[in-house]
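Asks: Predicted structure and sequence below. I'll ask about it afterward.
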Amino acid sequence: MNKYLVLGFMYLMLIFGLYFYQSIQPQEFLSPCPESGCDVVVTPSPTPEPTKSPEVEVISANLTGLASYYSIDGCIGCNENRTMANGERLDDSKLTVAFNRAPLNSFIKITNVKTGAQVTAKVTDRGGFERHGKIVDLSVATKNALGCGDVCQVEIQI
């Protein structure tokens, strides 16, 4: 196909599209142009109300179950570009967790059932790990502070 034919066709489509777009503009956007000489007045659209985040079932109790830790295919230190549910970047050196039963930015106390080691960590993310039988996901720093391996038994106090 000739490139000039294609360019001509595209030009006609552009002209038709602009004409069609102008012909379907709502009447409240058009004005009779008083002294200023303008031909279009744009009225601002109403700003939508901010959406609420889904409510979290907050419980105040002790939970016991399995904990795992954040990793991308077992690579520690590969998480630095991951954004958490609270908007912060994941930092493997901070005591943070992904937990579904406490509000974001709250703190929970975690105890390694086997060793008795305890830490207080910030809830920065949510997770789908419960379907895998786990109750919490730990950052690398939290995992190391508790003395956990890849998976360990923990008790959580909210």
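Replies: Here it is on my side, so go on. Numbers count the residues shown, from 1 in each chain.
Asks: Would you map the helices across the chain?
Replies: 3-23, 140-146 (DSSP state H).
Asks: Would you single out the least confident of those helices?
Replies: With a mean of 66, helix 3-23 has the lowest mean pLDDT of these.
Asks: Let me know whether G147 touches G116 as I believe.
Replies: No - shown here, G147 and G116 do not form a contact pair, counting by CB atoms under 8 Å, at 9.4 Å. Placement of C-beta: from N, CA and C, glycine included.
Asks: So which of those two has more stuff around it?
Replies: Neighbour totals were compared for G147 and G116, and G147 leads with 12 against 9 (other CB atoms under 10 Å).
Asks: Might you report the residue contacts of the more buried one?
Replies: G147 makes contacts with 112, 115, 117, as judged by CB atoms under 8 Å, 6 or more residues apart in numbering.
Asks: Let's see which of the residues you listed end up in strands.
Replies: N112 (DSSP state E).
Asks: which of the contacts of G147 lies closest to E155?
Replies: N112 (8.4 Å; CB to CB).
Asks: Now do the closest one: how many residues are near it, please.
Replies: Neighbours of N112 using other CB under 10 Å come to 19.
Asks: How about G133?
Replies: 10.
Asks: And the closest residue to it other than its chain neighbours, how close does it get to H132?
Replies: Of all residues not flanking G133 in the chain, L66 sits nearest, at 5.9 Å (CB to CB, 6 or more residues apart in numbering). Noted for L66: a distance of 9 Å to H132, by CB to CB, to the nearest Å.
Asks: Same question for A145.
Replies: For A145, the distance to H132 - CB to CB - is 23 Å.
Asks: swap in V123?
Replies: 19 Å.
Asks: out of those two, which sits in the more crowded spot?
Replies: For V123 versus H132, neighbours defined as other CB under 10 Å are more numerous around V123 (24 against 10).
Asks: about what we covered before: quick check: beta-bridge partners of the residue nearest to G133?
Replies: Beta bridges link L66 to K134, Q153 when assigned by DSSP bridges.
Asks: Could you tell me how many residues sit around it?
Replies: Using other CB under 10 Å, L66 has 15 neighbouring residues.
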